[in-house]
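Enquirer: Prediction below, plus the sequence it came from.
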Amino acid sequence: MEEKLDFSLPEKKQSSPAASWIVIVLLLILTALTGANLALRPAGPERVGQTVDASLSPEQVKQLAGKLAQRNLYVRAAEVWQDYLLAAELTDAERARTMFQIGTLLEKAGIYDRAIEFYYRSETAAELTELKPQINAHVKECFEKLGKFSALRYELMDRTSLEGAPTAGERIVAEIGPEKITEADLDAMIEDNIENQLEPMAAFMSGEQLNEQKQKMLERYRDPQTKQQFLQSWLAQEVLYRQALQDELMAKPEAKKLIDQLTRGALSQLVMNNELASKINITETDIQTYYTANKGEFVDPSSATISHILVDDEQKAKELIGRIKEGEDFAELAREFSKDADTKDDGGKVETEVQAGSYVSGIGSEAELNKKIFAAEAPKVLDEPFKTEKGWEIVKVETITPERQKELDEVRQQVMSMLTSQKSQDVQRDLIEQLMDKHNVIVHTSALSGAGETESEQAPAAPAK
């Protein structure tokens with residue numbers, strides 16, 4: 001029996017009409033901007049008809065394609081190979097090999113989506129044993145280069161499933177009227193959402209770094225509950241958006257005004273993003289130089305692990321220290337005498353490490369005790385009990401880990417983020433100053449401040465990111 005999804009929204013709270021308008025119009029704006037973003041992305045070469053002289057024989061076309069490939073003109077070579085497909089009388093096996101060849105050329109050209117298409121066409125033309133493992137490897141590589149990890153997962157599932165098994169991702173997870181949403185559709189939406197979140201960082205990170213971050217974010221959605229929450233949220237937005245279109249909200253004056261305001265903000269941010277992308281280039285030398293000059297920022301501080309016994313009075317604490325020195329087990333005494341309910345059953349062990357400073361995990365803010373812990377040689381029970389607000393503490397220093405300088409590889413991403421932040425502020429400030437000059441902006445500060453102050457020209461600060 002199919003589980004019925006609960007698409008209901010939480011009980012409606014009192015809100016102003018403006019708030020409702022903002023939610024719906026934001027959806028319209030986001031959809032419009034997404035469409036604009038997709039429209040601006042470069043597409044692979046479209047192939048319409050023959051592109052070489054029809055008087056050439058098939059063999060001559062083949063030779064031309066090979067020569068173009070030798071000169072690393074991969075896109076043009078792929079187009080000429082397609083001419084060869086049209087001109088030559090080929091068997092299914094020959095067509096499959098030619099389409100595979102076109103796929104490899106497009107892959108070399110970095111047009112991975114079209115390459116995948118021709119690998120699929122090759123398989124459709126004829127299933128050749130010698131090509132199957134190569135196609136598997138190339139398709140996997142193309143999906144990885146595209147950063148389409150959800151599609152890659154289903155691709156691998158399809159290629160390793162038994163013959164006749166249902167195609168991976170076809171399970172229906174929701175329906176909107178006659179429209180069915182499959183698990184593969186849902187995963188694609190999740191991946192698109194993550195790509196949108198990472199878009200602002202695209203100018204500052206390599207493709208490899210973006211894909212690594214994307215994979216980490218995708219891991220969250222391996223949890224069925226997290227994926228279900230995303231689906232519920234998406235469905236709520238989708239039905240709101242569809243209702244907004246039915247109600248023709250775009251034509252309403254108040255909607256147009258709000259859309260104009262949101263568009264101004266979005267386009268302003270796009271201008272800034274383009275400037276950042278063109279001006280910021282963090283090199284390996286930049287990273288190494290910053291790390292070397294600021295090594296002190298990248299140090300793991302000293303840490304210690306401790307166990308403790310909390311008692312009410314000093315005399316009892318000293319008595320227990322004496323018994324421990326005579327050979328009795330610290331953990332057993334903690335279980336018997338400690339007043340700390342959180343640790344006594346575990347022999348007084350404090351789970352959180354103690355960091356050098358003024359705080360002692362499991363005990364509190366005790367700078368003097370912290371110093372004594374790091375002055376001891378582990379493993380060791382401190383010779384004297386220590387008075388705190390809770391009572392008298394008997395502390396055993398279990399281990400001490402000295403401070404450690406982090407290697408550059410451990411903090412490379414952190415250094416890149418810090419450099420990016422610094423350079424971003426400079427670029428934003430410079431761009432705003434340039435645009436203020438370009439558009440002859442004058443701020444009359446005296447008009448906004450008290451009378452009698454000197455009027456001056458001043459450019460507003462760069463918008464906060």
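Expert: Received, thanks. Numbering: from 1, shown residues only.

Enquirer: Please export the C-alpha coordinates of stretch 370-382 as CSV.
Expert: Coordinates of each C-alpha in stretch 370-382 appear next as CSV, following Å, rounded to 0.1, in the frame of the first residue of the first chain:
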residue,chain,number,x,y,z
ASN,A,370,44.1,24.4,34.5
LYS,A,371,47.7,25.4,34.9
LYS,A,372,48.4,22.5,37.3
ILE,A,373,46.9,20.0,34.9
PHE,A,374,49.2,21.1,32.1
ALA,A,375,52.2,21.3,34.4
ALA,A,376,51.7,17.6,35.4
GLU,A,377,53.2,14.6,33.7
ALA,A,378,50.5,12.2,32.6
PRO,A,379,49.3,9.8,33.9
LYS,A,380,49.3,11.4,37.4
VAL,A,381,46.9,12.2,40.2
LEU,A,382,47.5,15.8,41.4
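
Enquirer: all helices of the stretch 201-350 of the chain, in order?
Expert: For the stretch 201-350 of the chain, the helices defined by DSSP state H, counting those that start in this stretch occupy 207-219, 224-246, 253-279, 284-293, 314-325, 330-337.

Enquirer: The stretch 101-250 of the chain: strands as residue ranges?
Expert: Under the criterion DSSP state E, counting those that start in this stretch, the stretch 101-250 of the chain contains strands at 172-176, 179-182.

Enquirer: returning to that earlier point: kindly reformat the helices of the stretch 201-350 of the chain as a markdown table containing distance to Thr91 and mean neighbour count.
Expert: Bear in mind the C-beta positions are built from the backbone N, C-alpha and C, glycine included. Converted to a markdown table, those look like this (distance: least, CB to CB, whole Å; neighbours: other CB atoms under 10 Å):
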| stretch | distance to Thr91 | mean neighbour count |
| --- | --- | --- |
| helix 207-219 | 39 | 14 |
| helix 224-246 | 46 | 14 |
| helix 253-279 | 49 | 14 |
| helix 284-293 | 51 | 13 |
| helix 314-325 | 87 | 16 |
| helix 330-337 | 79 | 17 |
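
Enquirer: Could you export the ones you listed as CSV, including mean pLDDT and distance to Thr343?
Expert: Conversion of those to CSV gives the following (pLDDT from 0 to 100; distance: least, CB to CB, whole Å):
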stretch, mean pLDDT, distance to Thr343
helix 207-219, 80, 33
helix 224-246, 90, 33
helix 253-279, 89, 50
helix 284-293, 93, 39
helix 314-325, 94, 15
helix 330-337, 95, 7
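
Enquirer: Which among the ones you listed is found nearest to Glu59?
Expert: Across the helices of the stretch 201-350 of the chain, Glu59 has its closest neighbour in helix 207-219 (39.4 Å, CB to CB).

Enquirer: got the contact list for the closest one?
Expert: 144-145, 147, 149-150, 190-191, 194-195, 197-198, 201-202, 205, 413 (CB atoms under 8 Å, 6 or more residues apart in numbering).

Enquirer: Next: stretch 384-400.
Expert: With contact meaning CB under 8 Å, 6+ apart, stretch 384-400 is reached by 302-314, 316-318, 320-321, 324, 330, 339-340, 348-349, 363-364, 366, 368-369, 372-374, 376-382.

Enquirer: Any of those buried? List them.
Expert: 302-311, 316-318, 320-321, 324, 330, 340, 348-349, 363, 366, 369, 372-374, 376, 381-382 (16 or more other CB atoms under 10 Å).

Enquirer: just for the stretch 1-150 of the chain, where's the confidence low?
Expert: 1-54, 150 (pLDDT under 70).

Enquirer: what comes up buried for the lengthiest helix in the chain?
Expert: For the chain, the longest helix by residue count, based on DSSP state H, is helix 408-438. The neighbour-count check on helix 408-438 (16+ other CB under 10 Å) flags 411, 415-416, 418-420, 423-424, 427-428, 431-432, 436 as buried.

Enquirer: Please tabulate the residues you listed in a markdown table and include distance to Val61 as additional columns.
Expert: Output for the buried residues of helix 408-438, formatted as a markdown table (distance: CB to CB, whole Å):
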| residue | distance to Val61 |
| --- | --- |
| Val411 | 55 |
| Val415 | 53 |
| Met416 | 48 |
| Met418 | 55 |
| Leu419 | 51 |
| Thr420 | 49 |
| Lys423 | 51 |
| Ser424 | 51 |
| Val427 | 50 |
| Gln428 | 53 |
| Leu431 | 51 |
| Ile432 | 56 |
| Met436 | 58 |
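
Enquirer: Adding pLDDT, write the residues you listed out as a markdown table.
Expert: Listed next are the buried residues of helix 408-438 as a markdown table, based on pLDDT from 0 to 100:
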| residue | pLDDT |
| --- | --- |
| Val411 | 92 |
| Val415 | 92 |
| Met416 | 86 |
| Met418 | 89 |
| Leu419 | 89 |
| Thr420 | 85 |
| Lys423 | 88 |
| Ser424 | 88 |
| Val427 | 92 |
| Gln428 | 92 |
| Leu431 | 95 |
| Ile432 | 95 |
| Met436 | 95 |
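
Enquirer: If we only consider the residues you listed, which is nearest to Thr98?
Expert: Met416 (43.9 Å).

Enquirer: Wait, that closest one touches Gln288, no?
Expert: No: at 11.4 Å, Met416 does not count as touching Gln288 under the criterion of CB atoms under 8 Å.

Enquirer: can you tell me which of the contacts of helix 207-219 are in helices?
Expert: Using DSSP H, these in helices are 144-145, 149-150, 190-191, 194-195, 197-198, 413.
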